[in-house]
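K.L.:
the amino acid sequence is not available; the structure is as follows:
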């Protein structure tokens, strides 16, 4: 095995959503990172949140 | 421009980006974004053994044999926002992975079936006293809405922060009814209906509650213990806890469908029945916390797995029932080849541990 492997190798391919089928939400598009944390999903589900009604601006 | 001069800056990982070495490949966990990327063990070596060195020094350390790969590695780290170039890495100390919690119990499982006769008010009150933050209620049968409300009412004024419901299908448990239930009881973070006629998982609701209908039947505790990427918990709390504790059993208490108090409903040893024994008494037993400190660095095979600090483990179904430090039998991952096999070995309960035996 070569000591410094290329990152393009199959071994280093990010897991697809199908490979993490238990998950319930994800950041961004494509095969991005995923999470099961309900609060995080809520906070990131809307890709364009309305910050004018957030915190001090409410 | 990439720094190559001897006085060039060095690459510094963000403190929340933590590399974990496996037998065949490594993992770079971003516990802030709750994500990970696979990396070669060579890059792990650069990030750990050569931390604080300039690129030129690292390339020289490998005799300039891998200059191209090393450039590719740093491009990858920058593009994926795992770190940054800096002149003063000593100003960015590593994150403290000490795990502490004031709660005597942080999480609990309550199993329910059609024959269960739990005193929910008493159990929930005792969990409150112990500081429990998270509860999973697993109904192996299909409860009515009234049954679910009975359980949830017992938790209405408690200190639980989240309740996960795993319940069997019942015609009353429509999507609308479950949504109303989640509004009535805002500690609910997830409702999964098993044994449903068809699977269905809508987008997360505006309240953040996850709803799911799945066709898979969850008819007993034996359905638990699966190790799968979908169950990984990529966050600082789990990562830190995993350094010295068992990520499944640490600070956990369970009441099975018959009321027996156990570390996990799948484990054979009971510390008394919740009808006669308080959770406090069970917890005070000298053996109750014996499994809490079995961490992944002590478990056979897992100690060589790059997922070991994000995996939630299982100590109930293990490959060798006589060895508490053997690999989870429902884990299909081989860290020596970095391959997931289609099916794990048949579950093997803690055959060497019988009721009443010291663990």
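P.N.:
Sure, I can see it. Computed from a predicted model, the values in this text were never measured in an experiment.
K.L.:
and the closest residue to chain A within the stretch 251-359 of chain B, what's its pLDDT?
P.N.:
The minimum distance from the stretch 251-359 of chain B to chain A, using Cβ to the nearest Cβ, falls at residue B:338 (5.5 Å). C-betas here are computed from N, CA, C, even on glycine. Here, the pLDDT recorded for residue B:338 equals 96.
K.L.:
now residue B:253. Its backbone dihedrals?
P.N.:
Dihedral angles of residue B:253 (phi, psi; degrees, to the nearest 10) stand at phi -140, psi 150.
K.L.:
ignore what I typed, I meant residue B:154.
P.N.:
Per degrees, to the nearest 10, the backbone of residue B:154 is at phi -70, psi -20.
K.L.:
show me where the stretch 51-200 of chain B has strands.
P.N.:
In the stretch 51-200 of chain B, the strands defined using DSSP state E, counting those that start in this stretch lie at B:83-86, B:107-112, B:134-139, B:162-168, B:188-194.
K.L.:
identify whichever of the ones you listed lies nearest to chain A.
P.N.:
Shortest distance between chain A and the strands of the stretch 51-200 of chain B, using Cβ to the nearest Cβ, is found for strand B:188-194: 4.4 Å.
K.L.:
run through who's touching the closest one.
P.N.:
A:24, A:38, B:152, B:162-169, B:173, B:178, B:181-182, B:208-214, B:216-218 (Cβ atoms under 8 Å, 6 or more residues apart in numbering or on different chains).
K.L.:
my guess is the residue of the stretch 251-359 of chain B closest to chain A meets residue A:11, correct?
P.N.:
Yes: if you go by Cβ atoms under 8 Å, residue B:338 and residue A:11 touch, sitting 5.5 Å apart.
K.L.:
any shared contact partners between these two?
P.N.:
B:24-25.
K.L.:
the residue of the stretch 1-150 of chain B found nearest chain A: neighbouring residues, count only.
P.N.:
Chain A sits closest to residue B:35 of the stretch 1-150 of chain B, with a gap of 2.6 Å, by Cβ to the nearest Cβ. A count of nearby residues for residue B:35, using other Cβ atoms under 10 Å in any protein chain shown, gives 19.
K.L.:
in which helix or strand would I find residue B:18?
P.N.:
strand B:17-21 (DSSP states H and E).
K.L.:
what's the helix or strand just after that strand in contact with?
P.N.:
Later in the chain than strand B:17-21, the nearest helix or strand by DSSP H and E is strand B:26-30. By Cβ under 8 Å, 6+ apart, the residues outside strand B:26-30 that reach it are A:33, B:14, B:16-20, B:35-41, B:43-44, B:47, B:82, B:234, B:239, B:306-307, B:309-310.
K.L.:
give me that answer again for 6 Å
P.N.:
B:17-20, B:36-37, B:39, B:41, B:44, B:82, B:234, B:306 (Cβ atoms under 6 Å, 6 or more residues apart in numbering or on different chains).
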